[in-house]
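> For reference, the sequence and a predicted model appear below.
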Amino acid sequence: MLGTKEIRRRIRSVISIQQITRAMQMIAVSRHKRAEDRLRSARPYAQKIREFMETLAPSLSTIRHPLLVKREVNKIGLVLLTADKGLCGGYNANAINHAQKFLEQYSDKEIHLILVGRKGYDFYRRKKYPIDHTLLQISKEITLQEVKEISGVVIKGFEEARYDEVDLIYTRYISAMNTRPTTMKLLPLEKSEVLKTGGGIKGEPLFEPDPEEIMSLLLPKYLEAQIYNGMVESVASEQGARMVSMKSATENAEEMISSLTLSYNKARQASITKELLEVTTGAEALRHAKGKR
């Protein structure tokens with residue numbers, strides 16, 4: 001059984017850890033609230049631009065644009081969104097496992113990685129897959145410059161035929177307790193990709209100016225919107241996972257403190273009992289010694 005000094009030292013250590021996890025929980029709660037607000041603002045824009053792309057879907061077969069070129073898929077560009085830090089439960093592991101399944105599914109293809117977040121980079125930097133671009137230390141607010149950096153790499157790679165297809169893996173936010181790693185096909189844009197709602201306009205729409213000019217302006221904005229929405233979803237998922245993880249760690253620390261306190265009280269009681277027995281035994285021995293005299 002541990003001594004009282006050792007138990008007190010462990011209690012102090014656990015209390016220090018609990019203070020850290022509680023502080024991290026409070027920070028995560030604040031950031032999670034801001035991330036949720038940003039997500040609520042980003043989703044309508046991403047949905048609206050997707051709906052507008054649906055109106056162009058019937059004309060996709062006649063529109064000529066470098067980002068609509070269909071080639072035999074031999075080279076795939078994979079954009080993977082992870083966090084820069086840990087201590088967020090299984091968030092990073094789930095995203096990386098989802099990416100691993102994707103890589104196994106297309107093991108016969110040449111896959112190039114575009115990594116957003118340090119955890120994904122740390123995992124894949126020693127793997128066999130080439131890393132074409134990395135974006136580490138994402139800002140808290142996710143700036144337009146960061147989104148354009150990723151979309152620029154995607155667009156340039158596809159136009160130069162370095163990629164025949166580009167996919168995005170991000171973590172879709174449903175609730176703080178429920179997130180889901182998701183794969184989205186970014187390029188080439190296909191009718192099936194923009195008509196997922198089952199709606200759309202019947203017949204051939206009329207455009208002014210012509211569809212090619214509209215597409216040249218709209219398609220980069222569409223890609224930026226989808227990448228930005230994926231980053232916002234991932235950040236909200238990360239902060240939700242960190243909030244839940246730190247809450248669980250704080251509660252576990254509280255249980256450990258209670259258990260250690262109980263052990264300390266038992267050890268202290270045993271020590272006091274032992275001392276009483278020693279005093280009583282010593283007094284009894286002295287009494288017997290005096291009686292013999």
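Okay, I see it.

> okay, CA-based contacts and neighbour counts for the rest of this
Noted.

> Mind pulling up the pLDDT for residue 70?
The model reports residue 70 with a pLDDT of 85.

> May I have the residues that are in contact with the residue nearest to it when sequence neighbours are not counted?
If the residues on either side of it in the chain are set aside, residue 70 comes closest to residue 188, at 6.5 Å by Cα to Cα, 6 or more residues apart in numbering. Residues counted as contacts of residue 188 (Cα atoms under 8 Å, 6 or more residues apart in numbering) are 67-70, 164-166.

> And residue 188, how far from residue 123?
For residue 188, the distance to residue 123 (Cα to Cα, to the nearest Å) stands at 28 Å.

> Look up the closest residue to residue 109, ignoring the ones flanking it.
residue 74 (5.2 Å).

> How much space separates that neighbour from residue 111?
Remark: distance between residue 74 and residue 111 (Cα to Cα) = 8 Å.

> now swap in residue 218 and tell me
Going from residue 218 to residue 111 by Cα to Cα gives 27 Å.

> who's more crowded, those two?
Taking other Cα atoms under 10 Å, residue 218 and residue 111 do not tie; residue 111 has more neighbours (21 against 16).

> Quick one: the strands in the protein, in order.
Counting by DSSP state E, the chain has strands at residues 75-81, 110-116, 131-135, 165-175, 178-187.

> quick one: the shortest one to strand 75-81, angle?
In other words, strand 131-135. 20 degrees (axes from the mean of the first three to the mean of the last three Cα atoms, to 10 degrees).

> and what of the last one?
Taking the same axes, to 10 degrees, one finds that strand 178-187 is oriented at 150 degrees with respect to strand 75-81.

> Over to the fourth one?
Here strand 165-175 runs at an angle of 20 degrees relative to strand 75-81 (the same axes, to 10 degrees).

> the inter-axis angle of strand 165-175 versus strand 110-116?
Angle between the axes of strand 165-175 and strand 110-116 is 40 degrees (criterion: the same axes, to 10 degrees).

> in its sheet, what does strand 165-175 sit against?
Take DSSP bridges as the rule and strand 165-175 pairs in its sheet with strand 75-81 (parallel), strand 178-187 (antiparallel).

> Please apply the same query to the shortest one.
Sheet pairing here is set by DSSP bridges, and for strand 131-135 it gives strand 110-116 (parallel).

> out of the strands of the chain, deepest packed?
strand 75-81 (a mean of 25; mean count of other Cα atoms under 10 Å).

> and the gap between residue 251 and residue 240?
Taken as Cα to Cα, the span from residue 251 to residue 240 is 17 Å.

> hang on, the earlier thing: list buried residues within the contacts of residue 188.
67-69, 164-166 (16 or more other Cα atoms under 10 Å).

> Would you format the residues you listed as TSV with distance to residue 45 included?
Below are the buried ones among the contacts of residue 188 laid out as TSV (distance: Cα to Cα, whole Å):
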residue	distance to residue 45
67	21
68	22
69	26
164	27
165	24
166	22
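
> what about the helices in the stretch 151-293 of the chain?
Applying DSSP state H, counting those that start in this stretch to the stretch 151-293 of the chain gives helices spanning 191-194, 211-292.

> Residue 89: which of the buried ones among the contacts of residue 188 is nearest?
residue 166 (28.3 Å; Cα to Cα).
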